[in-house]
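*Asks:* turn this into a model:
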Amino acid sequence: MHILVNTGGGDAPGLNAVIRAVTLSALRRGWKVTGIRRGYHGLLQKDSDGLVNLTRDSVRGIAHLGGTILGTVNKGHPFEFITEVGGKKVLTDISDQIMERYRQIGADAVIAIGGDGAFRIANRFAQKGMKIVGVPKTIDNDLSCTQATFGFDTAVMVATEAIDRLHTTAESHERVMVVEVMGRYAGWIAMHAGVAGNAHVILLPEIPYDMAKVVAHLKRRYTNGRRYAVVVCAEGAAPKDGTMSTIGEELGREIRIGGLAEHLSAEINKLTGFETRSLVLGHLQRGGSPTHRDRLLALRFGAAAVRMVEEGKFGHMVAYHPPTMVPVLIEDAIKVMKTVPLDSDTVQTARDLGICLGD
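*Replies:* From the prediction side, this is the model:
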């Protein structure tokens, strides 16, 4: 068999581990493996730059590396590709060109590594006849039908370490430090890193926050002699009767979410008089080597994806249902976003610890 593998959407620690597992598992079966560079874009290139032959040598020693040796894109949606016509940017469907190239190559299947957006694209290609198996990747941990996605554990570790470091400077200067972590519509990183890092306030997209209650909580801390605080917010958290903080939008893409930490910092300072500072962790959460948990999970995902190709489980995603990997339909995985359950033990733990969740 000849299988293709690509990585789409934002990068995440563990991508290279998946590529290594896919390559070695396929080669062990006597198959050929070709990597598509930059998502599906490599299929549009006629030269050798778009595709790369994956061998044992090319994937040697990459499992511990961050990023992806194939490159990735979160722009250039194949069904809504941005082109310029008459000096104006318009959206064009180039999926047929990609399907034609896929058939020319003579590939038997594609292993697509990505998150919600990448899987929506993969599902549409599957409907056009591309034989696809998906591997779930997102640091946000917001894909349903799988208990975990690789990249999440590393992102939480990075965020927790940052929160730990901010405690000391916040206490030294008697400041409120507002830390913004990734999480557009799901607050998994904020919840886990916030609780693990002993934050005093955690704001999630799942719980619209009441600024008056946040301020009251901070004032009580200061009155009780604890003259500093750490506030952790997911980038998509929003106030009651308000909307998410945004910094513009782009053609063919969702609105750009951001600026919440700076906004909250200014509001807290205005309403309390306390000295405040803000910090956006941003892409720091995506970079660097994966933790051992993410590395192992990614290797298991990659090997399982090859087994699913062997079994003809196309149109499916590898899902982690401890202790095993199981196939689930890609269309089921993207039906509903996996958000933080408000009745979960982690949320209850946060409340029992006296952490303010904004409500």
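
*Asks:* what sits up against stretch 350-359?
*Replies:* 191, 194-195, 199-204, 207-210, 213-214, 217, 237, 347 (Cβ atoms under 8 Å, 6 or more residues apart in numbering). For glycine as for every other residue, the C-beta is placed from the backbone atoms N, C-alpha and C.

*Asks:* tell me which of the residues you listed fall in strands.
*Replies:* Val201, Ile202, Leu203 (DSSP state E).

*Asks:* Asp108: neighbour count?
*Replies:* Applying other Cβ atoms under 10 Å, we find 14 residues neighbouring Asp108.

*Asks:* correct me if wrong: it contacts Lys32.
*Replies:* No - using Cβ atoms under 8 Å, Asp108 makes no contact with Lys32, being 9.2 Å away.

*Asks:* shared neighbours of those two, anything?
*Replies:* Met1, His2, Ile3.

*Asks:* filter the residues you listed down to the buried ones, ChimeraX style.
*Replies:* Applying 16 or more other Cβ atoms under 10 Å to the shared contacts of Asp108 and Lys32, the buried members can be selected in ChimeraX as follows:
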select :3
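
*Asks:* pLDDT wise, what is His217 at?
*Replies:* At His217, the predicted lDDT confidence score is 97.

*Asks:* how many neighbouring residues does it have?
*Replies:* The number of residues near His217, taken as other Cβ under 10 Å, comes to 18.

*Asks:* would you mark the buried spots in the biggest helix by length in the chain?
*Replies:* When the chain is parsed with DSSP state H, its longest helix is helix 152-173. Of all the residues in helix 152-173, those buried under the rule 16+ other Cβ under 10 Å are 152-160, 162-163, 166-167, 170.

*Asks:* please indicate which of the contacts of stretch 350-359 are buried?
*Replies:* For these, buried by 16+ other Cβ under 10 Å: 191, 194-195, 199-204, 207, 209, 214, 217, 237, 347.

*Asks:* on that earlier part again, take the shared contacts of Asp108 and Lys32 and write them to JSON lines, including pLDDT, secondary structure and distance to Leu65.
*Replies:* Below are these laid out as JSON lines (pLDDT from 0 to 100; DSSP: H, G, I helix; E, B strand; the rest coil; distance: Cβ to Cβ, whole Å):
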{"residue": "Met1", "pLDDT": "94", "secondary structure": "coil", "distance to Leu65": "27"}
{"residue": "His2", "pLDDT": "96", "secondary structure": "strand", "distance to Leu65": "26"}
{"residue": "Ile3", "pLDDT": "97", "secondary structure": "strand", "distance to Leu65": "22"}
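
*Asks:* in CSV: the shared contacts of Asp108 and Lys32, plus distance to Leu51.
*Replies:* Formatted as CSV, these follow (distance: Cβ to Cβ, whole Å):
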residue, distance to Leu51
Met1, 16
His2, 11
Ile3, 12
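
*Asks:* what about the helices in the stretch 51-200 of the chain?
*Replies:* Here the stretch 51-200 of the chain has its helices, by DSSP state H, counting those that start in this stretch, at 95-105, 116-127, 152-173, 188-196.

*Asks:* closest one to Gln285 among these?
*Replies:* With Cβ to Cβ, the closest approach to Gln285 among the helices of the stretch 51-200 of the chain belongs to helix 152-173: 4.1 Å.

*Asks:* which residues touch that closest one?
*Replies:* With Cβ under 8 Å, 6+ apart, helix 152-173 has contacts from 12-14, 138-141, 175-177, 179, 181-182, 188-190, 192-194, 196-199, 228-230, 232, 275, 279, 281, 284-286, 288-291, 293-294, 297.

*Asks:* swap in 7 Å and give it another go.
*Replies:* Residues outside helix 152-173 that contact it (Cβ atoms under 7 Å, 6 or more residues apart in numbering) are 13, 139, 141, 177, 179, 181-182, 188-189, 192-193, 196-199, 228-230, 232, 275, 281, 284-285, 290-291, 293-294.

*Asks:* just stretch 326-340 next, same as before
*Replies:* Contacts of stretch 326-340 (Cβ under 7 Å, 6+ apart): 116, 119-120, 122-123, 126, 134, 142-145, 185-188, 191, 204, 206, 308, 313, 315-319, 347.

*Asks:* what bridges to Thr276?
*Replies:* Val176 (DSSP bridges).

*Asks:* list the contacts for it?
*Replies:* Taking Cβ under 7 Å, 6+ apart as the test, what Thr276 contacts is Arg175, Val176, Val178, Ser265, Ile268, Asn269.

*Asks:* list the residues that contact Val73.
*Replies:* Neighbours of Val73 in contact, by Cβ under 7 Å, 6+ apart: Gly8, Arg38, Gly39, His41.

*Asks:* buried subset of the residues you listed?
*Replies:* Buried, going by 16+ other Cβ under 10 Å: Gly8, Arg38, Gly39, His41, out of the contacts of Val73.

*Asks:* got those residues as TSV, with pLDDT and distance to Ile19 columns?
*Replies:* Shown next, in TSV, are these (pLDDT from 0 to 100; distance: Cβ to Cβ, whole Å):
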residue	pLDDT	distance to Ile19
Gly8	89	13
Arg38	88	14
Gly39	88	14
His41	88	17
